[in-house]
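Q: Quick one: sequence and predicted model below, then my questions.
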Amino acid sequence: MSKTYRSIKQDIAIAKRLADSVIQNDVLREDTGARCVDVLHQRALKAALLMAIFGLPETALFQELRYNLMFRWFLDLGIDEALSEI
């Protein structure tokens with residue numbers, strides 16, 4: 001059974017909402033009240049989720065991020081933002 005682009009897009013949108021929800025509700029540090037998960041760690045978590053969903057090794061993920069706007073959107077990366085910021 002082959003998935004259509006629309007169903008893949010919907011699956012990614014659901015995964016992004018779930019990841020954003022988990023990150024938004026992360027545990028606050030008791031000592032400072034600061035969030036435990038900063039932006040770079042959020043992107044790393046979302047990147048790991050993408051690799052798990054699509055069965056991609058890290059190198060293939062970085063290749064996809066060069067041209068796949070859906071992957072960049074999922075990681076909250078701007079079009080002109082460097083990949084080294086993941």
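A: Arrived safely. Numbering: from 1, shown residues only.

Q: so where's this structure uncertain?
A: 1-3, 22-39, 85-86 (pLDDT under 70).

Q: May I see the buried residues of the longest helix along the chain?
A: Determined from DSSP state H, the single longest helix within the chain is helix 5-24. By 16 or more other Cβ atoms under 10 Å, the buried positions in helix 5-24 come out as 12, 15, 16, 19, 23. To be clear about C-beta, it is placed using only N, CA and C from the backbone, and glycine gets the same treatment.

Q: same check, this time on stretch 52-70
A: Those would be 56, 61, 64, 65, for stretch 52-70 by 16+ other Cβ under 10 Å.

Q: Wasn't the third one part of a strand?
A: No - counting by DSSP: H, G, I helix; E, B strand; the rest coil, one finds residue 64 to be helix, located in no strand.

Q: State the number of residues packed around residue 77.
A: Residue 77 has 19 neighbouring residues, counting by other Cβ atoms under 10 Å.

Q: Can you tell me the SS state at it?
A: Three-state call for residue 77 (three-state DSSP): coil.

Q: if I look at it, how far off is residue 6?
A: According to Cβ to Cβ, to the nearest Å, residue 77 stands 23 Å off from residue 6.

Q: Which residues are in contact with the residue minimising distance to the centre of the chain?
A: In the chain, the residue lying closest to the centroid (Cα atoms, centre = their mean) is residue 46, at 2.8 Å. Residue 46 makes contacts with 16, 19, 74, 75, 76, as judged by Cβ atoms under 8 Å, 6 or more residues apart in numbering.

Q: Kindly recompute the last result at 7 Å.
A: 19, 74, 75 (Cβ atoms under 7 Å, 6 or more residues apart in numbering).
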